[in-house]
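*Asks:* requesting a structural model of the entry that follows:
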Amino acid sequence: MDEQKVKDADEIRERIYLMGWSRNSKQAAHYTTRHTREAANRRMLYLQAKSYRGKNR
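*Replies:* Coordinates of the predicted model:
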């Protein structure tokens, strides 16, 4: 949900509601953590590629 600038707490509440999980479920936090990790990895790969292109021109 990066594109929409949704806060983590809001994203967790929305996931819980949409998936029908109980309010005490830890599953939504797990998915939010995974999403954050994947987004960070994509950003790092982008920066690495940008750096590599800059050195090899």
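*Asks:* so, low pLDDT: which residues of the protein?
*Replies:* For the chain, the stretches with pLDDT under 70 are 1-4, 56-57.
*Asks:* mind listing what's buried along the longest helix along it?
*Replies:* Among the segments of the chain that qualify as a helix by DSSP state H, the longest is helix 27-55. By neighbour count on 16 or more other CB atoms under 10 Å, the buried set for helix 27-55 is A28, T32. Glycine gets a C-beta too; all of them are placed from N, C-alpha and C.
*Asks:* just checking, what packs against it?
*Replies:* On a contact count with 3 or more CB pairs under 8 Å, 6 or more residues apart in numbering; DSSP states H and E, helix 27-55 meets helix 8-19.
*Asks:* which other helices and strands contact the helix it packs on?
*Replies:* Counting by 3+ CB pairs under 8 Å, 6+ apart, helix 8-19 packs on helix 27-55.
*Asks:* how far off helix 8-19 does the helix it packs on point, in degrees?
*Replies:* 120 degrees (axes from the mean of the first three to the mean of the last three CA atoms, to 10 degrees).
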